[in-house]
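> Got a sequence here, can you model it:
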Amino acid sequence: MARKKAQENSSVLDRILTLEIVRVTERAAVAAARLRGHGNEKAADQVAVDAMRRELNRLPIDGTVVIGEGERDEAPMLYIGERVGTKEGPKVDIALDPLEGTTICAKNLPNSLAVIAMAEHGSLLNAPDVYMDKIAIGPGFPEGIVDLDATVADNIRAVAAAKDVPVSSVTACVLDRPRHAKIIEEIRELGAAIRLIGDGDVAGIIHTTDPDETGIDIYLGIGGAPEGVLAAAALRCIGGQMQGRLVINTKEQRDRAISMGVTDPDKKFTMEEMAKGDVIFAATGVTDGNMLSGVRFSKTLISTETVVMRSSTGTVRWIKADHRDFDKFAFDD
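Below you'll find the predicted structure:
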């Protein structure tokens with residue numbers, strides 16, 4: 001009976017994650033893209049949230065948002081614990097960011113995305129909205145060659161050795177934040193290259209999976225914990241290695257993490273501990289980027305590009321779509 005139920009759930013997830021879940025990120029991306037370059041982060045986030053919520057509530061799932069967005073920045077949110085879907089399908093965990101890179105979208109800079117991950121109930125780390133120290137590399141490396149507890153220099157040297165290239169040929173992606181001054185200094189003293197990004201560390205981590213295209217070999221530094229879980233979900237599908245550790249600075253943050261089921265807030269989480277089981281990940285480009293093209297508008301078409309992945313099969317689908325029913329796609333209720 002349990003096996004039959006699992007098969008039924010898997011069948012439903014297949015259907016959701018090939019077409020229906022793509023519509024979720026497409027709608028959020030289109031809504032946000034209408035406001036890209038307008039300088040209003042909260043407005044862009046709000047319309048993306050509204051569009052994503054509307055589409056999620058049409059899916060035949062009993063979904064719970066375990067990774068929401070907006071608590072730290074007091075932005076509009078699909079809040080942690082929110083129930084979505086028709087409540088008539090399988091129980092699933094959902095991690096999402098309707099607008100990954102709100103500042104990027106507001107300034108119309110590269111790599112803003114609408115992102116979602118879905119997994120069987122109990123499979124995604126229910127991380128509080130605090131910061132997370134992260135390290136990530138793409139597929140094809142020996143297991144365990146990088147580690148959060150190793151020095152920046154040792155991690156970069158390990159990547160260079162595994163690639164059989166000089167350290168100067170390795171590029172590290174780092175969020176451009178004052179808190180990363182020491183990391184940046186260490187990387188430059190070592191002679192490696194740095195790709196500084198202003199926002200959007202989900203995309204930054206995913207870029208490690210295709211260094212020939214993106215030029216990024218390793219991701220280092222502190223970003224949002226929710227974004228860490230989303231990135232781990234993506235790497236589970238396409239390969240790579242990642243570790244994350246919550247950055248807990250107050251008793252309130254520690255108590256909140258424990259109340260959300262994180263029994264050891266100081267734990268170094270592996271990729272598999274952040275996103276286990278059968279995981280689906282989808283992202284649609286809002287602005288143009290290394291991985292995805294942004295939304296295009298014409299008088300008669302809305303064009304989108306989406307990537308959707310599944311961990312159990314390793315399948316990665318790239319979906320370029322032209323939406324001809326312009327008004328319905330953009331504004332339906």
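> Next, count neighbours for Pro211.
Residues lying near Pro211 (other C-beta atoms under 10 Å) number 18. (Glycine included, C-beta is placed from N, CA and C.)
> By mean pLDDT, point me to the weakest helix or strand of this structure.
Lowest on mean pLDDT, DSSP states H and E among the helices and strands of the chain sits helix 2-15, with a mean of 50.
> which element follows it toward the C-terminus?
Using DSSP states H and E, the helix or strand that follows helix 2-15 in sequence is helix 21-33.
> Does anything pack onto that following helix? Which helices or strands?
On a contact count with 3 or more C-beta pairs under 8 Å, 6 or more residues apart in numbering; DSSP states H and E, helix 21-33 meets helix 41-56, strand 91-100, strand 113-120, strand 279-285, strand 302-310, strand 316-323, helix 326-331.
> Kindly provide the distance from the closest residue to Leu96 other than its chain neighbours to Gly221.
Counting by C-beta to C-beta, 6 or more residues apart in numbering, Leu96 lies nearest to Ile116, which is 4.5 Å off, once chain neighbours are set aside. Taking C-beta to C-beta, to the nearest Å as the measure, Ile116 falls 24 Å from Gly221.
> Ok, Ala181 next?
Distance from Ala181 to Gly221, by C-beta to C-beta: 11 Å.
> Look at these two and report which has more neighbours.
Per other C-beta under 10 Å, whichever of Ala181 and Gly221 has more neighbours is Gly221, with 23 against 9.
> How about Ala282: what's its closest non-neighbour residue?
Using C-beta to C-beta, 6+ apart, the closest residue to Ala282 is Val308 (4.3 Å).
> now swap in Ala153 and tell me
Here the residue nearest Ala153, using C-beta to C-beta, 6+ apart, is Leu190, at 5.1 Å.
> number of nearby residues for that neighbour?
Leu190 has 18 neighbours, counted by other C-beta under 10 Å.
> So it is in contact with Val167, correct?
Yes: the criterion here is C-beta atoms under 8 Å, and Leu190 meets it with Val167 at 5.8 Å.
> Please enumerate the shared neighbours of the two.
Common contacts of Leu190 and Val167, defined by C-beta atoms under 8 Å, 6 or more residues apart in numbering, comprise Ile156, Arg157.
> In the sheet, which strands lie alongside the helix or strand containing Cys173, parallel or antiparallel?
In this structure, Cys173 sits in strand 171-175 according to DSSP H and E. According to DSSP bridges, strand 171-175 forms sheet pairs with strand 193-197 (parallel), strand 218-224 (parallel).
> Buried residues, the shortest one. List them.
Translated: strand 193-197. Ala193, Ile194, Arg195, Ile197 (16 or more other C-beta atoms under 10 Å).
> which other residues reach that strand?
Contact partners of strand 193-197, identified using C-beta under 8 Å, 6+ apart, comprise 111, 168-176, 184, 187-188, 203-204, 215-216.
> ends of stretch 236-254, how far apart?
By C-alpha to C-alpha, to the nearest Å, the extent of stretch 236-254 from end to end equals 27 Å.
> quick check: mean pLDDT across that stretch?
Summarised as a single mean, pLDDT over stretch 236-254 is 95.
> And that stretch, how far out from the chain middle?
Mean-position distance between stretch 236-254 and its chain equals 13 Å (C-alpha atoms, centre = their mean, to the nearest Å).
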